[in-house]
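Enquirer: sharing a model prediction with you, sequence too.
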Amino acid sequence: MKFSKTRWIVLVATLGVTCFSTAALRAQPAAKSKTDLGSFVKEIMVLKMEDNQRQLAMWLPFEFFVEATLADSGKKRADVESDLAFLKPYQAVIVQCGTDKTDGTTAYASREEVRSRLVLKLDDGKEILPLEKAPPLVSAAMEAMKKIMNSEGDEGSANMHVFLFPATDADGKAYLDTTKQGKLTLVLKSNWRFKETVIVWHTPFDALTPVAPCRKCHEAVSAKWKYCPWCGEKIESE
């Protein structure tokens, strides 16, 4: 499967629209997302290639479900966030691992193999395993995503595996505030055919957090940075 940003946007936007009943859609003024979904996808999709190994991970934070749904519906933001609130306590991650063979084909890891390697690692070193079960509505949403991927009809799509992690601790406190500078770390541990691979996503998301150019050198900067890498000036977000 070719990793087209457009196809990922269509995939997740379609899921966002089908996550809740169409009967719940009410006649309202259109509230299209102003977010550049292509830029958002660049922030949440990571492909690592080393030797003959290719390991792809795409984090689907709650904010992406919201923006993708807004881009393809006429609902108000508050209503979309309410409709998708059942996804907020979870972090969804799509993972594909494969090794390229000498004949030009790819040997993909099964869901069970990927799962056995997969953990989220917090800043304090705590490791969180993928969930075994989730509430019916959440499970149905993930199954809808998987069916959309399978409909592509190729082996690569069939081996895109969806995993859920808790987004909060036992007291309901979020492990990560995506509006602030922080990171989410996914570890794919080594096994008999894959090397350990660490994938890190940094927040906040540039697609959602406008930052003016550096006030000193006027170069473009990221909301993820504290200081301009070009001149050292402290970065002020809008």
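Expert: Received the coordinates, thanks.

Enquirer: so how far is Asn52 from Thr102?
Expert: Plainly put, Thr102 is 9 Å away from Asn52 if you go by Cβ to Cβ, to the nearest Å. For every residue, glycine as well, the C-beta is placed using N, CA and C.

Enquirer: between the two, which one's more packed in?
Expert: Asn52 (13 against 6; other Cβ atoms under 10 Å).

Enquirer: the spatially closest residue to Leu122 that is not a sequence neighbour: neighbour count?
Expert: Nearest non-adjacent residue to Leu122, counting by Cβ to Cβ, 6 or more residues apart in numbering: Tyr175, 6.0 Å away. Counted with other Cβ under 10 Å, residues neighbouring Tyr175 total 18.

Enquirer: for Tyr175, give me its contacts.
Expert: Contacts for Tyr175 (Cβ atoms under 8 Å, 6 or more residues apart in numbering) come out as 120, 122, 128, 166-169.

Enquirer: just those now: which is nearest Met58?
Expert: Met58 lies nearest to Leu120 out of those, by Cβ to Cβ, at 14.2 Å.

Enquirer: by contact count, what packs against the helix or strand hosting the closest one?
Expert: For Leu120, the host element (DSSP states H and E) is strand 118-121. On a contact count with 3 or more Cβ pairs under 8 Å, 6 or more residues apart in numbering; DSSP states H and E, strand 118-121 meets strand 90-100, strand 127-128, strand 182-188.

Enquirer: just the mean pLDDT for stretch 158-171, thanks.
Expert: Mean pLDDT, stretch 158-171: 93.

Enquirer: in that stretch, what counts as buried?
Expert: For stretch 158-171, a neighbour-count test (16 or more other Cβ atoms under 10 Å) marks 158-167 as buried.

Enquirer: quick revisit: most neighbours per residue, which of the helices and strands packed on strand 118-121?
Expert: Neighbour counts (mean count of other Cβ atoms under 10 Å) averaged over each of the helices and strands packed on strand 118-121 peak at strand 90-100, with a mean of 22.

Enquirer: contacts for it?
Expert: For strand 90-100, the surrounding residues in contact (Cβ under 8 Å, 6+ apart) are 52-61, 106-109, 113-114, 117-118, 120, 131, 134, 138, 142, 145, 156, 159-167, 184, 186, 188, 193-194.

Enquirer: just those: which are in helices?
Expert: Using DSSP state H, 113-114, 117, 138, 142, 145, 156 are the members of the contacts of strand 90-100 that sit in helices.

Enquirer: now do the domain split for this protein, please.
Expert: As recorded under automatic domain parsing, the domains making up the chain are 5-203, 210-238.
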